[in-house]
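Visitor: With the input below, show me the fold.
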Amino acid sequence: MFAAQWPGARWAIEGGAGLGRPLAHRLLEEHIDDVVDVPAKLSTRVRALGHGHGRKTDAADAVSTAIAARTTATLQRISPEQPAHALRLLSDRRDDLVAARTQTVNRLHAALTALVPGGAPTALTAGKAAERLRTVRPRELVAKTRRAMASDLLADLRRLDDQLKVLDKQITAGVKASATSLPDLYGLGPVLAARILGRIGDITRFSSAGHLASYCGTAPIDVSSGDTVRHRLSRAGDRALSHALHIMAITQARSHAEGRLLPAQTPSREKPQRSAALPETPPVRCDLPPAPARSPPRSDGSGRTFGGDSVIQRGWLNPKHQARTRGGCTSERSGSGEHRPHPRPGGAFVKQVHHEREPAQGLQSPDAGEVARVGALET
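Guide: As a prediction, the model looks like this:
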């Protein structure tokens, strides 16, 4: 016996629930109880922090796995396989068959849509597909080939349905043999109960209810900051377990008397209260001058538009109503038509300068009221 050379040693296996499962169970057969499973992510972090520049070799993997097992006290201990593992195998097999059936139904629906005028119903079953396929008698080679493929898909669909029926009976018998009370919960049938039992396994490996909730991915994440208390939905954990619990919750909220009351009892989100040390700041409002009257734009047919809010020429937009200076100040037009500059600190003010635009050759001159305003700083 190889392991008997080191009595009382602790054996650490990277991926003991995956590729390292055969080695782990071989050690258990030799009556070695202290065998722990080291996650691959944990050993990778140890190797990255080492002095070997993260090189992945057999020797480096063994050293990083041993260091991780020696410094981590919450590693899962590998135990002999339990009946719950058989439920997990049956549940995973059922998920694969359901996915294959969905793919077969989609392909059969596409084939019948090309063969039968009007297509096929969305909720397609083997019986409905057989009725539609009996009405098709193609004469061309392409249509005959398509009908033969549809017949093969129909045979695959019937085979998958038979396998699912047998598998459902096995799952129901396994859940009943486990003597669990999960099927007594509303919205949780034998299929979901088998998934939960198979995924959780030995319940004693969870130290608390919060540990189990974190493993299932249902424990909220605290992202509070200061006086604001906020939680976010966790994206970690076992997504298959989270999906099973989600289906049960949705079923109870739809058709269960007590489940319908839960959304009403959920506290509404209130606006977080400000701290007494932070007084309420009044909003800052800017008094903007009224916008000048806009004249309707007009064009002379030469690609140049006059009037409105801008002069568009050669793809450039030149604003007319406001001229912005380097200091960010603008001037406004008074009721008498006179420009009044805004005063600036230090005695500087904005001066409005008018320049008449000279008409170009071949273009119609704008009216005398259209001018370009240029802002200048004068000290």
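
Visitor: did I read that right, residue 13 in a helix?
Guide: No. Residue 13 sits outside any helix when classified using DSSP: H, G, I helix; E, B strand; the rest coil, being strand.

Visitor: List the beta-bridge partners for it.
Guide: Beta bridges link residue 13 to residue 37, judged by DSSP bridges.

Visitor: Is it in contact with residue 77, as I believe?
Guide: No. If you go by Cβ atoms under 8 Å, residue 13 and residue 77 don't touch, sitting 11.2 Å apart. Using the backbone N, CA and C atoms, a C-beta is placed for each residue, glycine as well.

Visitor: where do the contact lists of these two overlap?
Guide: Both residue 13 and residue 77 are contacted by 35, 36, 37, under the criterion Cβ atoms under 8 Å, 6 or more residues apart in numbering.

Visitor: Mind giving me the packing neighbours of the longest helix belonging to the chain?
Guide: As assigned by DSSP state H, the longest helix anywhere in the chain is helix 141-177. Contact here means 3 or more Cβ pairs under 8 Å, 6 or more residues apart in numbering; DSSP states H and E; on that basis helix 141-177 packs against helix 83-115, helix 126-134, helix 190-200.

Visitor: What average pLDDT does it get?
Guide: Confidence for helix 141-177, expressed as mean pLDDT, is 93.

Visitor: thinking again about what came up before, tabulate the helices and strands packed on helix 141-177 in JSON lines, adding columns for mean neighbour count and distance to residue 160.
Guide: Listed next are the helices and strands packed on helix 141-177 as JSON lines, based on neighbours: other Cβ atoms under 10 Å; distance: least, Cβ to Cβ, whole Å:
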{"stretch": "helix 83-115", "mean neighbour count": "17", "distance to residue 160": "4"}
{"stretch": "helix 126-134", "mean neighbour count": "15", "distance to residue 160": "9"}
{"stretch": "helix 190-200", "mean neighbour count": "22", "distance to residue 160": "16"}
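
Visitor: So between residue 13 and residue 77, which is more surrounded?
Guide: residue 13 (20 against 13; other Cβ atoms under 10 Å).

Visitor: if I pick the more buried one, what's in contact with it?
Guide: With the criterion set at Cβ under 8 Å, 6+ apart, residue 13 makes contact with 20, 23, 24, 27, 35, 36, 37, 38, 65, 78.

Visitor: Show the buried residues in these.
Guide: For the contacts of residue 13, a neighbour count by 16 or more other Cβ atoms under 10 Å gives the buried set as 20, 24, 27, 35, 36, 37, 38, 65, 78.

Visitor: can you list the domains in this structure?
Guide: Per the record, the chain has its domains at 3-80, 84-205, 304-357+372-378, by automatic domain parsing.

Visitor: who wins for proximity to residue 254 among those?
Guide: domain 84-205 (8.8 Å; Cβ to Cβ).

Visitor: quick one: the spatially closest residue to residue 170 that is not a sequence neighbour from residue 199, how far?
Guide: If the residues on either side of it in the chain are set aside, residue 170 comes closest to residue 90, at 5.8 Å by Cβ to Cβ, 6 or more residues apart in numbering. Distance of residue 90 to residue 199, computed by Cβ to Cβ, to the nearest Å: 12 Å.

Visitor: try residue 211
Guide: As for residue 211, its distance to residue 199 is 15 Å (criterion: Cβ to Cβ).

Visitor: Just the buried positions in stretch 246-257, please.
Guide: For stretch 246-257, by 16+ other Cβ under 10 Å, it's 247, 248, 251, 252, 256.

Visitor: Any chance of a markdown table for those, columns pLDDT and secondary structure?
Guide: Shown next, in a markdown table, are these (pLDDT from 0 to 100; DSSP: H, G, I helix; E, B strand; the rest coil):
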| residue | pLDDT | secondary structure |
| --- | --- | --- |
| 247 | 91 | helix |
| 248 | 90 | helix |
| 251 | 89 | helix |
| 252 | 87 | helix |
| 256 | 76 | coil |
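
Visitor: and of these, the nearest to residue 99?
Guide: Set against residue 99, the nearest of the buried residues of stretch 246-257 by Cβ to Cβ is residue 247 (16.5 Å).

Visitor: residue ranges for the helices of this protein, please.
Guide: Using DSSP H, helices in the chain cover 21-29, 40-48, 58-71, 83-115, 126-134, 141-177, 190-200, 209-216, 239-255, 257-265.

Visitor: Now do the buried residues in the second one.
Guide: Looking back up the chat, that one is helix 40-48. 42, 43, 44, 46, 47.

Visitor: any low-confidence regions in this structure?
Guide: Low-confidence segments of the chain, defined by pLDDT under 70: 1, 259-379.

Visitor: before we move on, the earlier item: to residue 72, which of the helices and strands packed on helix 141-177 lies closest?
Guide: helix 190-200 (21.4 Å).

Visitor: so what does the closest one touch, helix or strand wise?
Guide: Against helix 190-200 (3+ Cβ pairs under 8 Å, 6+ apart) you get helix 83-115, helix 141-177, helix 239-255.

Visitor: Could you dump these into TSV with distance to residue 127 added?
Guide: TSV is the format used below for those (distance: least, Cβ to Cβ, whole Å):
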stretch	distance to residue 127
helix 83-115	12
helix 141-177	10
helix 239-255	27
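
Visitor: between these, which gets nearest to residue 56?
Guide: Of the helices and strands packed on helix 190-200, nearest to residue 56 by Cβ to Cβ is helix 239-255, at 27.8 Å.

Visitor: who's in contact with the closest residue to residue 205 other than its chain neighbours?
Guide: Here the nearest residue to residue 205 in space, its sequence neighbours aside, is residue 76; by Cβ to Cβ, 6+ apart that works out to 6.1 Å. By Cβ under 8 Å, 6+ apart, the residues touching residue 76 are 16, 36, 37, 205.
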